[in-house]
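only geometry, no sequence info:
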């Protein structure tokens, strides 16, 4: 999986950037995503998180992680009766989405939850990654499934509580 990482804050350590890339690649393998998939991660501060959250989620407040899942519009290119193999569609449009991780909230939450900053960044990273891959936590059943998978991935990677 190709992962583009940007640090708009200029404050994220090279270790966290490296961990983010490795953890996302690990999570992609864990979910058995095709190697051709691509995504981006941008580290932002509270003010930028609030701008993005307002623009895309209509919520005028910063948040810890924003996941923007990319869903291509196949109808633009093909007639509805075209029955294309899934592999061909994946090759044609490998981009799956964008994550925006708020460094201010990550630091606050690491302190509040009493774990390392590395663990908090990992948690936010995997949480957002699962969102852009179709997982949600709107119902108790979905929450149990998503959070269980999230913990499985973090534990298998080695980021324990």
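Looks like it came in fine. Note that the structure is predicted; figures quoted are calculated from it, not measured.

what comes into contact with the helix or strand hosting residue 68?
Secondary structure from DSSP states H and E places residue 68 in strand 65-69. Under the criterion CB atoms under 8 Å, 6 or more residues apart in numbering, residues 49, 52-53, 56-57, 96-102, 124-125, 127-129, 131-134 lie in contact with strand 65-69. C-beta coordinates here come from the backbone N, C-alpha and C atoms, glycine included.

in that strand, what's buried?
Along strand 65-69, the positions that meet the burial threshold by neighbour count (16 or more other CB atoms under 10 Å) are 65, 66, 67, 68.

tell me the one of the residues you listed nearest residue 30?
Using CB to CB, residue 67 is the member of the buried residues of strand 65-69 that sits closest to residue 30, with 17.1 Å.

bridged to the closest one, which residues?
Listed beta-bridge partners, residue 67: residue 99 (assigned using DSSP bridges).

numbering from 22 from now on, please.
Sounds good: first residue 22 from here, last item residue 88.

okay, now the unreliable bits of this protein?
Counting by pLDDT under 70, the chain contains low-confidence residues at 93-113.

if you set the cut-off to 50 instead, what comes out?
Under the criterion of pLDDT under 50, the regions of the chain flagged as low confidence span 97, 102.

quick one: the strands in it, in order.
In the chain, the strands defined using DSSP state E lie at 23-28, 59-65, 86-90, 116-123.

who wins for proximity to residue 34 among those strands?
Scanning those with CB to CB as the criterion, the closest one proves to be strand 23-28, at 9.4 Å.

what's the closest one packed up against?
helix 35-51, strand 59-65 (3 or more CB pairs under 8 Å, 6 or more residues apart in numbering; DSSP states H and E).

what's the angle from it to strand 59-65?
Our comparison of strand 23-28 with strand 59-65, counting by axes from the mean of the first three to the mean of the last three CA atoms, to 10 degrees, yields an angle of 10 degrees.

so how far is strand 23-28 from its chain's centroid?
Relative to the chain's own centre, strand 23-28 is displaced by 11 Å; criterion: CA atoms, centre = their mean, to the nearest Å.

ok, it: who's next to it in the sheet?
Taking DSSP bridges as the criterion, strand 23-28 sits next to strand 59-65 (parallel) in its sheet.

just the buried residues of the partner strand, please?
Residues 60, 61, 62, 63, 64, 65 are the ones in strand 59-65 that count as buried (16+ other CB under 10 Å).

sweet, I'm off.
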